[in-house]
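S.K.: prediction below, plus the sequence it came from.
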Amino acid sequence: MALEKITMPQLGESVTEGTISQWLVAPGDHVNKYDALAEVLTDKVTAEIPSSFTGTVKELIAEEDETLEVGAVICILETEGADEQPAESAKEEAPTPEATAPETPKKAPAKQSAPAGRFSPAVLTLAAEHNIDLGQVTGSGRDGRITRKDVLAYVENGAPVAAAPTKTAEPASSAPQKAAPMPTSQVGDRETPIDGIRKAIAKHMVTSKHEIPHAWMMVEADATGLVRYRDGLKNKFKAEEGYALTYFAFFVKAVAQALKEFPILNSTWAGDKIIERADINISIAVATDDHLFVPVIKHADEKSIKGIAREINELAAKARAGKLTQDDMSGGTFTVNSTGSFGSVQSMGIINHPQAAILQVESIVKRPVVIDDMIAIRNMVNLCLSIDHRILDGLVAGRFLQKVKENVETITKENTPIY
């Protein structure tokens, strides 16, 4: 018999960690190779972790709702093969989740004296951030193990923090501050537990706002030609193709064409360099009753308006059925969001980290405008762009928006093929 480690896989190019949302096995269970062991949640999608071996589940290292870095051990399987190895010695030799924690945290936590000897990277990081002595935290996990929830609860309850050792006394203003108490429910309030998907969305948005200096600008475009063209085609198109020809498909195509002329908008910040992506993969926001997903239209610049419309329809259907895959969600280089679908006329989007920009397509509204010194009723739409100000400035962003506006305003039956 042999002991084999199952580790947190990398479920996407920019994914660095995952959260165990649910174990599908228990110690003692027999599993075959490729059987699902657990459901893991990243900031992009929920996926199953398959077993790499056939054998028996020896130990579950990670707790449910615990966040682990890619490569961290999540469980141990006992397999047929090499000579039997004692479980305890195997666990000592095998890297455990805490081995992936940062070697030099910004704040060193006080000496740990908790009965549970292993701590996950998430627990160690939180303890370091809040200067918590883990010996004072009660663990609710298996065998008394301290989980991320336990540390957060300890902080939220206003528990005292351990003083960090210093060579000289620090000014009072720099002393660790007690965490602000969490809001509490009052009589008549309704509480809704935060599920794993909402937690991932929240984490992704906080990362974007913390790391990316956002700037914002807007132009209005005359979409009258687009409206007339699409409205004249929509019934025939739906009858022949079986899915809707939406306004949004035209906007995605207009943006993809503009990105070919302004590739810096199709880039990402990489610390000491900016990476311009060769492929134009448009992320689109798809809302369900409870959540927002951002699947990707790959190589949007190479697709016809019909092809884009088909992918919008297919991705939206998969999102609402809960069938989006990791591939559906990965590889996006620029995001286009149809905020106008629910009546919005102006908004500032949060950039889909680590992309450089997001465009909000607002509601198409009939408005009086002046054309050749005469008032005319036109179908106008606001295009709102949020940019990463580390990568982009107002000049290039403004030129990009003007190109998108030009592309939208020149959509007509005569010069815009659907197929």
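M.R.: Here it is on my side, so go on.
S.K.: distance check, Ala239 against Ala309.
M.R.: 14 Å (Cβ to Cβ, to the nearest Å). Bear in mind the C-beta positions are built from the backbone N, C-alpha and C, glycine included.
S.K.: ok, residues contacting the longest helix along the chain?
M.R.: Longest helix of the chain, by residue count under DSSP state H: helix 224-241. Contacting residues not belonging to helix 224-241 are listed as 244-247, 250, 306, 309-310, 364, 378-379, 408-413, 416, 418 [Cβ atoms under 8 Å, 6 or more residues apart in numbering].
S.K.: check the offset of that helix from the chain's centre.
M.R.: Distance, stretch centre to chain centre, for helix 224-241: 34 Å (Cα atoms, centre = their mean, to the nearest Å).
S.K.: let me see the domain layout of this structure.
M.R.: According to the TED database, the chain comprises the domains 2-79, 213-410.
S.K.: residue contacts, Ile275?
M.R.: Neighbouring residues of Ile275 by Cβ under 8 Å, 6+ apart: 267-268.
S.K.: so it: helix, strand or coil?
M.R.: Ile275 falls in the strand class when you classify it by DSSP: H, G, I helix; E, B strand; the rest coil.
S.K.: so it versus Pro263, what's the distance?
M.R.: Going from Ile275 to Pro263 by Cβ to Cβ gives 11 Å.
S.K.: what do you get for Ala321?
M.R.: From Ala321 across to Pro263, the span is 35 Å (Cβ to Cβ).
S.K.: got it, and Lys253?
M.R.: According to Cβ to Cβ, Lys253 and Pro263 sit 17 Å apart.
S.K.: and these two? Which one has more around it.
M.R.: Using other Cβ atoms under 10 Å, the more surrounded residue of Lys253 and Pro263 is Lys253, with 24 against 13.
S.K.: who touches the more buried one in this structure?
M.R.: Lys253 makes contact with 300, 303, 305, 308, 407, according to Cβ under 8 Å, 6+ apart.
S.K.: all helices for the stretch 251-400 of the chain, in order.
M.R.: When assigned using DSSP state H, counting those that start in this stretch, the helices of the stretch 251-400 of the chain occupy the ranges 305-320, 326-329, 394-409.
S.K.: which stretch in the ones you listed has the least confidence?
M.R.: Among the helices of the stretch 251-400 of the chain, helix 326-329 has the lowest mean pLDDT, at a mean of 88.
S.K.: how far away from the center of its chain is it?
M.R.: With Cα atoms, centre = their mean, you get 12 Å for helix 326-329.
S.K.: for it, which residues meet the burial criterion?
M.R.: For helix 326-329, burial by neighbour count (16 or more other Cβ atoms under 10 Å) applies to 328-329.
S.K.: export that helix to CSV, keeping only CA atoms.
M.R.: The C-alpha trace of helix 326-329 is given here as CSV (Å, rounded to 0.1, in the frame of the first residue of the first chain):
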residue,chain,number,x,y,z
GLN,A,326,-14.1,26.4,-16.5
ASP,A,327,-13.3,26.8,-20.2
ASP,A,328,-16.5,28.9,-20.6
MET,A,329,-15.3,31.3,-17.9
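S.K.: can you map out the helices along the stretch 1-150 of the chain?
M.R.: With helices called from DSSP H, counting those that start in this stretch, the stretch 1-150 of the chain shows them at 87-93, 121-130, 148-156.
S.K.: tell me what the second one is packed against?
M.R.: Under the contact definition 3 or more Cβ pairs under 8 Å, 6 or more residues apart in numbering; DSSP states H and E, helix 121-130 sits against strand 67-69, helix 148-156.
S.K.: ok, and the closest non-adjacent residue to Arg310?
M.R.: Spatially, and ignoring its direct neighbours in sequence, Arg310 is nearest to Tyr243 (6.2 Å; Cβ to Cβ, 6 or more residues apart in numbering).
S.K.: ditto for Thr288
M.R.: In space, and not counting its chain neighbours, Thr288 is closest to Arg320: 5.3 Å by Cβ to Cβ, 6+ apart.
S.K.: surely the one you found and Ala287 touch.
M.R.: No. Judged on Cβ atoms under 8 Å, Arg320 makes no contact with Ala287 at a distance of 9.0 Å.
S.K.: overlap of the contact sets of the two?
M.R.: With Cβ under 8 Å, 6+ apart, Arg320 and Ala287 have no common neighbours.
S.K.: low pLDDT regions in the stretch 151-300 of the chain?
M.R.: 158-180 (pLDDT under 70).
S.K.: can you show me the strands along it?
M.R.: 214-222, 267-269, 274-276, 282-284, 286-287, 292-293, 296-297 (DSSP state E, counting those that start in this stretch).
S.K.: setting aside sequence neighbours, what's the nearest residue to Val15?
M.R.: Computed as Cβ to Cβ, 6+ apart, the closest residue to Val15 that is not its neighbour in sequence is Thr42, at 4.9 Å.
S.K.: how about the contacts made by that neighbour?
M.R.: By Cβ under 8 Å, 6+ apart, the residues touching Thr42 are 11-12, 15, 17-19, 200.
S.K.: burial count for Thr268?
M.R.: Thr268: 17 neighbours (other Cβ under 10 Å).
S.K.: so how far is Leu383 from it?
M.R.: Thr268 is 22 Å from Leu383, by Cβ to Cβ.
S.K.: what about the nearest residue in space to Gly55 that is not next to it in sequence, how many residues close to it?
M.R.: In space, and not counting its chain neighbours, Gly55 is closest to Thr79: 3.5 Å by Cβ to Cβ, 6+ apart. Residues lying near Thr79 (other Cβ under 10 Å) number 18.
S.K.: surely Thr79 is in contact with Glu4?
M.R.: Yes. If you go by Cβ under 8 Å, Thr79 and Glu4 touch, sitting 5.3 Å apart.
S.K.: what do these two both touch?
M.R.: Counting by Cβ under 8 Å, 6+ apart, the contacts common to Thr79 and Glu4 are 53, 55.
S.K.: and stretch 17-28, end to end?
M.R.: End-to-end distance for stretch 17-28, by Cα to Cα, to the nearest Å: 27 Å.
S.K.: now it: mean pLDDT?
M.R.: pLDDT averaged over stretch 17-28 gives 87.
S.K.: list the buried residues for that stretch?
M.R.: By 16+ other Cβ under 10 Å, the buried positions in stretch 17-28 come out as 17-21, 23, 25.
S.K.: for stretch 57-75, same thing?
M.R.: By neighbour count with 16+ other Cβ under 10 Å, stretch 57-75 contains the buried residues 57-58, 60-70, 72-75.
S.K.: thanks a lot, catch you later.
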